[in-house]
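Undergrad: For reference, the sequence and a predicted model appear below.
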Amino acid sequence: MMIDIKHLKTIATLKDTGSLVNTARELFLTQSALSHQIKDLENKLDCQLFERKTQPVRFTPQGMLLLELASEVLPKVEATKCRLKESLNQPISQLKLSVECHACFHWLLPTIKEFNNFWPDIKVDYEQGFSYDAIPELLNDELDIVLTSDIREPEHLEYAHVFDFKLKLIVAPDHELAKKAYVTALDLKDETIISYPIPKERQDIFKHFIQNARFDGTLKSVDQGLLIFQLVSAGMGVAALPDWLVTPYESQGLIKSIPLGALGLSRPMYLAMKKSMKDNPVYRHFLNTCKQSISR
């Protein structure tokens, strides 16, 4: 039985989106066509790939094996396609990058290294590093790509979805909020909120959670992520950080994470670029490398 690239792409997209409805939309298929394709694959493999009626989709051990194959094969296929198309595009010698998320450097630097293993002649220039508002520089051709959670100037720029993440409140293990199943905006009214040096109006916890609720607490700015964790662990405040950054510290018992609201606070991460570059193979490969890195 031959497993086609389309099968691997389907199963990988199903993992990324978490549902058949979103997978069908992402692959431009009807739900019936997608269901038929998956059922046909399961019949040929003589196994069930995932459990039905689970949200997000829960894969069987056989499905996990196919996902492992997809994670190995699909990036190589995409990279080869990029190489084949390279001669048709104007050569790129440099990608000027900025991020609007301090915590992204946790996974971004390994991503750049992996990208450069494939494109050794292309320099990824991230000397500008973090900027809380890098979009004007992108529009002025001072940058090539920007990692951001906020869509601005969509008529001029392309926003490629990289992944979604959960923003978690972190507190000291003995903090009074540590026992709560989730926190509300009212719970934070008098807290000291420790954050990266970003204007209050651009911070997700204020823009998308506290919003217009009363806040009489203190906002304390800190440059380094490690220091934020140390201050929180010492009971000197609370902070809201992405789940990928929180997990290692929580597993050591240094902090406790709590969902923001009963449903949690999810935020997207986009790779912003000029619309003219959205089909460029180098940009597409960088985007796919980001997606692969964060899914590991």
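TA: Thanks, I have it.
Undergrad: For residue 200, which residues are in contact?
TA: Contacts were defined as C-beta atoms under 8 Å, 6 or more residues apart in numbering; by that measure residue 200 touches 206, 219. For glycine as for every other residue, the C-beta is placed from the backbone atoms N, C-alpha and C.
Undergrad: Scan the protein for its longest strand.
TA: strand 157-171 (DSSP state E).
Undergrad: Sheet-wise, list the partners of that one with their directions.
TA: Strand 157-171 sits in its sheet next to strand 239-242 (antiparallel), strand 256-259 (antiparallel), strand 265-274 (antiparallel), going by DSSP bridges.
Undergrad: Give me whichever of the ones you listed is most buried.
TA: Highest mean neighbour count among the strands paired with strand 157-171 (mean count of other C-beta atoms under 10 Å): strand 239-242, with a mean of 24.
Undergrad: Can you tell me how far residue 259 is from residue 206?
TA: Applying C-beta to C-beta, to the nearest Å, the value for residue 259 to residue 206 is 17 Å.
Undergrad: mind listing the helices for the stretch 151-296 of the chain?
TA: 204, 225-233, 243-251, 281-295 (DSSP state H, counting those that start in this stretch).
Undergrad: Which one of these has the poorest average confidence?
TA: Note on those: helix 281-295 shows the lowest mean pLDDT, a mean of 86.
Undergrad: Show me what it is packed up against.
TA: For helix 281-295, the elements it packs on are helix 5-17, helix 61-86, strand 94-99, helix 105-118, strand 145-148, strand 157-171, strand 265-274, judged by 3 or more C-beta pairs under 8 Å, 6 or more residues apart in numbering; DSSP states H and E.
Undergrad: Same list (those) but as a markdown table, adding distance to residue 179 and mean pLDDT.
TA: Converted to a markdown table, these look like this (distance: least, C-beta to C-beta, whole Å; pLDDT from 0 to 100):
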| stretch | distance to residue 179 | mean pLDDT |
| --- | --- | --- |
| helix 5-17 | 33 | 90 |
| helix 61-86 | 35 | 83 |
| strand 94-99 | 35 | 91 |
| helix 105-118 | 28 | 88 |
| strand 145-148 | 35 | 94 |
| strand 157-171 | 10 | 94 |
| strand 265-274 | 20 | 94 |
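Undergrad: out of these, deepest packed?
TA: By mean count of other C-beta under 10 Å, these have strand 145-148 as the most buried, with a mean of 24.
Undergrad: What does residue 197 show for phi and psi?
TA: Main-chain dihedrals, residue 197, degrees, to the nearest 10: phi -70, psi 80.
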